[in-house]
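Visitor: Pasted the sequence and its predicted model underneath.
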Amino acid sequence: MISIDIEKKLKAYKGEQVLKIAAQFANGSITKIYGPSGAGKSTFLKIIAGLIDPEHGKISVDNLVWLDTATKVSLSPQKRKVGFVFQNYALFPNMTVQQHLEYVSDDAQWINQLLVIGKLETFTSHKPEYLSGGQQQRLAILRAIAIRPKLMLMDEPFSALDPKMKSELIPGLKSLWDELGTTVLIVSHNPQELEGLTASEMEINPM
Ligand code: ADP
């Protein structure tokens, strides 16, 4: 169980805005997070990953406290070990597809399984600049899942995929998440983007 209760002042959205979220996510659950652009969806994921600290709040995962502003606890992103899919992919320009995955896992069989699910098995020697947007996005997803995360945070992860590719990829990801028992939070500003994925829903609105 992931318990979150946080408050963070956001800069520059129609003046002052506060991101205030109290939510709990069961282990192994999938949640779609909607909300308009600028509502703080990306910021929310980054707070969970430990990349941004909120002014107030607490995050605990099972019995472990990841963040508690009252006692000044904040585990580093490395210790939280979440799988993060960034909106801009954050790929390494000088690494091939294969090297991206080997960077986070030394299990060759697992890497091959991921490459098949992401339909990148014929692009293993390509660097990001020689991949399409959709291929780059799939690589970002595979890299995040390659670490076998207990928690996966995805920021607009299917925006560059055509409907057919998306409908083929999602069942593959779901079977991996089931196998790993991963809890998944998926952010989107466009509910249509996540059609076909059965999951709980949550909305973030500006306050
Ligand atoms: P969304 O993902 O819903 O489009 P974002 O989380 O990207 O929204 O941004 C929401 C607002 O938070 C923006 O106005 C942005 O300027 C602001 N913001 C982004 N990062 C930070 C930060 N580290 N601290 C405070 N405000 C931030």
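Guide: Now that the structure is in, tell me what you want to look at.
Visitor: Could you measure from the nearest residue to I47 once chain neighbours are set aside over to S42?
Guide: Using Cβ to Cβ, 6 or more residues apart in numbering and skipping residues adjacent in sequence, the residue nearest I47 is P54, 5.4 Å away. C-betas here are computed from N, CA, C, even on glycine. Distance, P54 to S42, by Cβ to Cβ, to the nearest Å: 14 Å.
Visitor: ok, these two, which is more surrounded?
Guide: Ranked by neighbour count (other Cβ atoms under 10 Å), P54 and S42 place P54 first, with 22 against 18.
Visitor: for the helix ranked longest in the chain, packing partners?
Guide: Scanning the chain for the helix with the most residues, using DSSP state H, yields helix 163-180. When contacts are defined as 3 or more Cβ pairs under 8 Å, 6 or more residues apart in numbering; DSSP states H and E, helix 163-180 sits against helix 108-117, helix 133-146.
Visitor: Can you say which of the ones you listed is nearest to the ligand?
Guide: The closest of the helices and strands packed on helix 163-180 to the ligand is helix 133-146. By Cβ to the nearest ligand atom, the value is 16.4 Å.
Visitor: the inter-axis angle of that closest one versus helix 163-180?
Guide: With axes from the mean of the first three to the mean of the last three Cα atoms, to 10 degrees applied, the angle from helix 133-146 to helix 163-180 works out at 0 degrees.
Visitor: can you list the residues that contact helix 133-146?
Guide: Helix 133-146 has contacts (Cβ atoms under 8 Å, 6 or more residues apart in numbering) with 83-86, 89-91, 97, 100-101, 103-105, 110-111, 114-115, 117-120, 123, 126, 128, 131, 152, 154, 157-162, 165, 169, 173, 176-177, 180, 182.
Visitor: got it, and stretch 79-87?
Guide: Contacts of stretch 79-87 (Cβ under 8 Å, 6+ apart): 42, 45, 48-50, 61, 66, 140-141, 144-147, 149-157, 159, 182.
Visitor: can you do 7 Å?
Guide: Stretch 79-87 is touched from outside by 42, 48-50, 66, 140-141, 144-145, 147, 149, 151-157, with contacts defined as Cβ atoms under 7 Å, 6 or more residues apart in numbering.
Visitor: Could you do stretch 3-18 as well?
Guide: With Cβ under 7 Å, 6+ apart as the test, stretch 3-18 has contacts from 19-24, 38, 40, 43, 47-48, 54-60, 206-207.
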